[in-house]
Each structure stands twice: as structure tokens, then as C-alpha cells.
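**Q** No sequence on hand, only this structure:
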């Protein structure tokens, strides 16, 4: 998720011709940026980073080109996941098994020059700086500001490697350093949600029934370090999945959702909302403050397992079942994403059907259903992945079986292109200037 700003673009024919020429060559020069008629705005759709299945290779596709010409970067290891930096400029290539992250400059970014916002577009490039740490697994972004990397640690290594958190921004990535860090006292599969100077980090009680966290610890940033404030009292067994939006942070629990309301710079209030099953994933959007989608599974093998969805209204304190049209028993979610406006939610099931929900007033309603958007679903990972364009009404959906990338018009809810990639796509993420 990223912060969205109103567009200032005024396309110019000469600028577009230059853009198309550079895109066809795989990107522009590192020494010269492109501009539109105003001299500081660029009409660009940004770029899409795509990882190849099982390969230490990352491709950066220029979305302004009529075809998907690509710049390729060789990584140290196949990425376990791809993320975008808070300002939208950098690709974070997490390599869990390599205990590190590598960074690619997507080459499209915006700077605040006081009296105007200045856009830049240059060639994508790899950064030499790498962030190391044991098992980087969870990446939580505060849009436009900062991102917390939670490293699970490694209980099987000798010596044991403890969990840790590292805080980054676009500026710190460019400088090759972290903003702040926190080292925990044990390995744990966890998360860290950054909200301004506050950091919510997992804690596991001694009487926990499994290896997962049970509580959140509140920390306050002091320069490059964090000071522990207090352990939040609300218990959340089986803690997994989180999101922050508006004044709230939501975390998944075995019996519902742990809510943290951010009162001011230092004060929070924690509470619990009940749900009929475990919430293991949370989705939110900066344009839907205090609204979340909770995702969980009902049933257990060898019987049918069904993905369930819940609309969570943090301000009202409610958790309501969200029932996508024709979502039958035994259907599993394979991918999901909001569009750039946050008003449409795209859900892909295990048959390849795409269901779209529309935000209408204070509720989600059915908008469209696209059967066989993915004609043949994989039987194992990598599953299809989704990424929304922050600059235009497009969403990208990978098709691993067909080695294709689907382009969807999110305003019309239609597939506008199926582009052959020539390789099996895995993770993907969008970089650019959000509008």
C-alpha cells in the first residue's frame, strides 16, 4: 500500500515519443530524467517487478511501453517475496533462505521541491547495499513514510539467531542504511507494525499453546533505537497477519482480531473483536481508514477447506461475514488485492475465477465475476500473484501455468491484455509515482 497523491500530469506528444523510445530500449539514461510539458511532471504508469520461479532473477517491466520490454537483474538467491518501498521507488527482494534483502531502484520517483512535486524517470538499477538478518519474513509498510522488516530469527542455527526488526525509508535505502533497529531476545515467527514513532512488535507468553505470539509490545522510537513502553494487555493467541490504516492497527488471532487504536503520538488503546474462526491474514488500504478485510480458513483436511472473509469496521467495533457471490464450499483464495482507490477488492479463487467486490457506502457489494480468468490453476506454488498500479486504473495478475501476465482495467473490470512472458512468473510488485 502506498500514499496516493492527485495527478498533475499533462502529456506532451514529444515527451510521450521519447518515453516510448526509451521504454523500448529497456529504460532511460541514469543521467537524464524525462519530463512533461510543465517541466516537472511525467505521465508514467510506472514499472512492474516480476520474479521468475526458482530463479535468482528479477525483471523490471516498463509499463509505458506497448510491449513488456524488460531490464533484468541477477540476485544472490531466488526471492521469497517482493515488496515496494514506502515512497514507491524501490523493490525490496526478500531472500528468506539467504538471510537478506536486496534492493532495486525502479527508476521512477517523485520529490517535494517545496513549490511543486518533481517527477523523475530514469533507468532501473541494482543497489549494492544489502540488508542482512536471520529469516526476513514479514514486511509492514506505513505508506509514504517507513517500512518495518521483521526477521524471524533461526532457532535451529548454532548459535541460535534471535528475531529482529529493522526500520527503513526510501531515503535510508538510497543512503544504504537503516533508520532504526530492535533486537529481540528469542527467535519467533512475528510481525512489527510501524506507526510514526510507535512500533508494535510481537511477544510470546510463557504459557502460549504453540510457537506463535500471544501479545503486542509497544515500543517508542528514540533516534536509531526503540524504547519499550509496555506490554498491551489484550491477549491474541495464534497471532498471525496484520495491517494498519487510519487510526487503527488490526492483528489476526485464533478467536478474532486484536485492535489497537492510536490515540496520539504515544498513547494506544487495545481491544478484541470476536470472529467465529481464526483470522490469519489482514488486508487494508490507506484510502479506507479503519476498514479491514479479515481472511481465514474453515474446515480441515481431509475434509473440505473453505476460505472465509470478514469485513472489519474498527471504529464501529464490528466483524461481519463477507460472502463473495457464488463462493462455494471448498473454494480457496489464491490471490487478492485492492485497486488503487481502495474501493474495489479483487479475489482470485482456486478455480481461476476472479470475483470483484465494490465499496458502496459502508458495505461491500458484488461488482463482477470473471470465470476462468486463469484458465489452468497450478497445483503447487507459485500461485498467481496480484499487484495494483498506483498511477492508473490497472491491476496485474500473473498466470504461472500459461507464463503470462494479465492486465485488468479496474474501472471497467475487464481483462485488456494477456502478455506472454517467456518464463514462469512468481512474485510481483509495482513501483512508481502513486496518483
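**A** Sure, I can see it. Worth saying up front: this structure is predicted, and the values here are computed from it rather than measured.
**Q** For the residue nearest to residue 180 when sequence neighbours are not counted, list the residues it contacts.
**A** Once its chain neighbours are removed from consideration, residue 180 has its nearest residue in residue 167; the separation is 4.3 Å (CB to CB, 6 or more residues apart in numbering). No exception for glycine: its C-beta is placed from N, CA and C like everyone else's. Neighbour list for residue 167: 146, 147, 148, 149, 178, 179, 180, 181, 194, 199, 221 [criterion: CB atoms under 8 Å, 6 or more residues apart in numbering].
**Q** Nearest to residue 378 among the residues you listed?
**A** Ranking the contacts of residue 167 by separation from residue 378, with CB to CB as the measure, puts residue 149 on top at 28.2 Å.
**Q** Residue 350: neighbouring residues, count only.
**A** Using other CB atoms under 10 Å as the criterion, residue 350 is surrounded by 17 other residues.
**Q** before we move on, what about the one 4 residues further on?
**A** In terms of burial, residue 354 registers 24 neighbours under the definition other CB under 10 Å.
**Q** How much space separates the residue nearest to residue 180 from residue 126?
**A** Relative to residue 126, residue 167 is positioned 22 Å away (criterion: CB to CB, to the nearest Å).
**Q** cool, residue 228 as well?
**A** Here the criterion is CB to CB. By it, residue 228 lies 37 Å from residue 126.
**Q** Comparing those two, which shows the higher neighbour count?
**A** Under the neighbour definition other CB under 10 Å, residue 228 and residue 126 were set side by side, and residue 126 has more, 17 against 13.
**Q** what's near enough to touch that one?
**A** So, once contact is read as CB under 8 Å, 6+ apart, residue 126 ends up touching 73, 102, 103, 104, 105.
**Q** now do residue 217
**A** If you count contacts by CB under 8 Å, 6+ apart, residue 217 has them with 200, 201, 202, 203, 228, 230, 231, 232.
**Q** can you tell me how far it sits from residue 279?
**A** Using CB to CB, which is the criterion applied here, residue 217 is 20 Å from residue 279.
**Q** Name the nearest residue to residue 376, sequence neighbours excluded.
**A** residue 401 (4.4 Å).
**Q** swap that for residue 172, sorry
**A** By the measure of CB to CB, 6+ apart, the closest residue to residue 172 outside its immediate chain neighbours is residue 179, 5.0 Å from it.
**Q** Can you report how many residues lie near the one you found?
**A** 19.
**Q** Could you report the distance from it to residue 235?
**A** For residue 179, the distance to residue 235 (CB to CB) stands at 31 Å.
**Q** Residue 229 now?
**A** The gap separating residue 229 from residue 235 is 18 Å, by CB to CB.
**Q** Kindly report the same for residue 335.
**A** Relative to residue 235, and taking CB to CB, residue 335 is found at 31 Å.
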